[in-house]
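Engineer: curious how this folds, go ahead:
(4 chains)
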There are 2 protein chains.
Amino acid sequence: MVSKRKRRASGAATLLDVAKHAGVSPMTASRVINHHPHVGQEMRTRVEASVRALEYRPNLAGRSLRTANLVRIGVLYSNPSAAYLNQFMLGILEQSSVDGSQVLVEKCGAIRSQRAATERLLAAGVDGVILPPPLCDSRQTIAELDARAIPVVAVATGAPMPEVNAVRIDDYLGACAMVRHLIELGHRRIGFILGDPKHTPSALRASGFFDTMAAAGLKVSPAHVADGLFTYRSGLIAAHTLLDAGSRPSAIFCSNDDMAAATVAVAHGLGLRIPEDLSVAGFDDTPVATTIWPALTTIRQPVTAMGRAAVTLLTEAIHQRRQGQTGGPVQKMMKYTLVKRGSTAPPAR
Amino acid sequence: MVSKRKRRASGAATLLDVAKHAGVSPMTASRVINHHPHVGQEMRTRVEASVRALEYRPNLAGRSLRTANLVRIGVLYSNPSAAYLNQFMLGILEQSSVDGSQVLVEKCGAIRSQRAATERLLAAGVDGVILPPPLCDSRQTIAELDARAIPVVAVATGAPMPEVNAVRIDDYLGACAMVRHLIELGHRRIGFILGDPKHTPSALRASGFFDTMAAAGLKVSPAHVADGLFTYRSGLIAAHTLLDAGSRPSAIFCSNDDMAAATVAVAHGLGLRIPEDLSVAGFDDTPVATTIWPALTTIRQPVTAMGRAAVTLLTEAIHQRRQGQTGGPVQKMMKYTLVKRGSTAPPAR
DNA sequence: CTGAAAGCGCTTACAG
DNA sequence: CTGAAAGCGCTTACAG
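Structural biologist: Predicted structure coming up:
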């Protein structure tokens, strides 16, 4: 072991080492490692054994130098929710470091600064741009990028434009799954807190709620629906609206976790036990869902995986464009997960 | 602009392009870009102009291929707080992608699995290991790594072992600054919620509190100090202890944000307005601090920057070891920031 | 202070 | 199906 590590300063075996160890040419070793077809079974076995013996792992720098033609990816964001952005950027960086692509990040504030931020990104020579929410729905930015023939990936939009690449979950079905979960627990009076009407997923989550209630033959009292803006503070107000009223719901489905956390806080303030007296459900599975107590039942959006997927999609689009092709836009639908935690349970009565 | 982008498939200028544009050799261009001394002023100016004109940015793959001898960095973590880990990994990945180093991440659960996780990392050929909290204080893991001559960087430890590299903030001074802030606002009866006694920063934050109170000539009532475990739930219990009692404090300093968020929730439940009736302060500036309302006054720990610093420190240690040197361990102290938000204000009475 | 040559690790053509 | 040659972008010696 020690001698192996000392073979070279870097401590790592190279493709040449593997080839020598297996008694084949570097090319054959390369083909085996990259799973190319048309390699003899014997060669393949020998190389694979050597890879294991030497603990070979490809040097990405060497590979990308010869292949990838350096891809530059821009990420343009505004209105940062720290928690979301962290998770998302994690996926972006993971994938870009695997691909050997470079990432440039630009923040823009007001709408008018979108143009300036876009220009900065283009001046820096990016080959494509990723738009996390809420910029994923900015027609202006997308049009501008499109005019320059810069591929775009919109992330987590609720209303993907048909001509734009998108990575998202099915917000509608996610909401349906959550409502079904609450109904299966035995809840009949289920309240709902709407999301920010400016964000496209809000309408889908609301439709999922209303449709599933209707399909189950359950009436939704207007007093059990409150407006919200996705912020904790708006959740505080909405929860008071729902819980101060006479006929309380036995469960409240909130359009995101921040508002669900606020609902839990308000309920505790009113002396309600969760989940015994009130079930609360969120959406997104952001860190706050597992910070508070009880932890929130929620719909997990695989944010980090979506960051990875966005990079992969964009990279493919860039390569296609470089080769003069223009494959149609891709809409990648990611899997959501219903995560059951302590904030939901059968109603007491 | 367009013609520039089309010069080559990748759309990016290379060092050779810059050298030609400036009429110098690639070597001179390289030296200017890397800020080497002993380059003539005229050459320097010419190259810098060309860099700007061509929007040149170095291709990291090419650079690291020739220099860095591929560094492999392991990150070993346990007990993940999603929010912390996201922010931290962001810094790790940012820096490693700049350096062109590879990152391998291993999770370990119970103490006995630490050994297994360490072995997996070593088997994968890592050259050094970063230990975020709470593993930063695991004598066993550090000893094991040390026995294999693998450099280690401990992050955010409150009790750095003198022979180990560390990246951290001064938890003691951070706590002092927060208490001073509360005193300056006019608070005299200040409560405190302790952190998990197993985590080394807890004691430092507590000392900062008690020392600053004593220095200001303020008594700390035993009824105004409560145990905590850094979790939201433990904060709920601690806050009740402090607020249900007869003589309430006018401000509560919590050893971290999660417990501060819990304190805000309990206070709201008791009908106390924040900050009018009670000021609440946290520590760390995790995403929850800006999720809840009012947002928390807290001590910001630059988690992402600490991730970057850990990679830089570890990379230097690895290079030194490869050259047979063993520079003494480095303790990098990062700057904390007192972030004033809506949760603190002068006391009403 | 400046430059010509060689090579980091890998893969793309091009031959057999 | 397999391999010898060349080169991706950059920097490390080695000369001047």
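Engineer: what residue spans form the domains of chain A?
Structural biologist: The record's domain split for chain A, according to automatic domain parsing, is A:2-58, A:70-169+A:303-334, A:171-301.
Engineer: which one of the ones you listed is the most hemmed in?
Structural biologist: domain A:171-301 (a mean of 21; mean count of other C-beta atoms under 10 Å in any protein chain shown). C-betas here are computed from N, CA, C, even on glycine.
Engineer: next, format the domains of chain A as TSV and append mean pLDDT.
Structural biologist: Shown next, in TSV, are the domains of chain A (pLDDT from 0 to 100):
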stretch	mean pLDDT
domain A:2-58	78
domain A:70-169+A:303-334	87
domain A:171-301	96
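Engineer: helices of the stretch 151-300 of chain A, start to end?
Structural biologist: With helices called from DSSP state H, counting those that start in this stretch, the stretch 151-300 of chain A shows them at A:171-185, A:200-215, A:232-244, A:257-269, A:288-291.
Engineer: do the longest helix along chain A and DNA strand D come into contact?
Structural biologist: Counting by DSSP state H, the longest helix found in chain A is helix A:303-322. No - no part of helix A:303-322 sits near DNA strand D under the criterion C-beta under 7 Å from any atom of the strand; the closest distance found is 12.8 Å.
Engineer: now for the following helix or strand past that helix, which elements pack on it?
Structural biologist: Of the helices and strands lying after helix A:303-322 in sequence (DSSP states H and E), the nearest is strand A:331-334. Counting contacts by 3 or more C-beta pairs under 8 Å, 6 or more residues apart in numbering or on different chains; DSSP states H and E, strand A:331-334 is packed against strand A:165-169, helix A:303-322.
Engineer: ok, residues contacting strand A:331-334?
Structural biologist: A:160, A:165-170, A:301-302, A:305-306, A:309, A:313 (C-beta atoms under 8 Å, 6 or more residues apart in numbering or on different chains).
Engineer: quick one: strands adjacent to that strand?
Structural biologist: Applying DSSP bridges, strand A:331-334 is found paired with strand A:165-169 (parallel).
Engineer: returning to what we had before: right, so of the helices of the stretch 151-300 of chain A, which gets closest to DNA strand D?
Structural biologist: helix A:200-215 (39.7 Å; C-beta to the nearest atom of the strand).
Engineer: backbone phi and psi for the closest residue to A:Ala223 other than its chain neighbours, please?
Structural biologist: Among residues not flanking A:Ala223 along the chain, A:Ala245 sits closest, at 5.3 Å (C-beta to C-beta, 6 or more residues apart in numbering or on different chains). Main-chain torsions, A:Ala245, degrees, to the nearest 10: phi -70, psi 170.
Engineer: coming back round to it: could you dump the helices of the stretch 151-300 of chain A to JSON lines with distance to B:Pro26?
Structural biologist: Shown next, in JSON lines, are those (distance: least, C-beta to C-beta, whole Å):
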{"stretch": "helix A:171-185", "distance to B:Pro26": "52"}
{"stretch": "helix A:200-215", "distance to B:Pro26": "50"}
{"stretch": "helix A:232-244", "distance to B:Pro26": "55"}
{"stretch": "helix A:257-269", "distance to B:Pro26": "53"}
{"stretch": "helix A:288-291", "distance to B:Pro26": "52"}
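Engineer: would a markdown table of the ones you listed with distance to DNA strand D be doable?
Structural biologist: Below are the helices of the stretch 151-300 of chain A laid out as a markdown table (distance: least, C-beta to the nearest atom of the strand, whole Å):
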| stretch | distance to DNA strand D |
| --- | --- |
| helix A:171-185 | 42 |
| helix A:200-215 | 40 |
| helix A:232-244 | 46 |
| helix A:257-269 | 43 |
| helix A:288-291 | 42 |
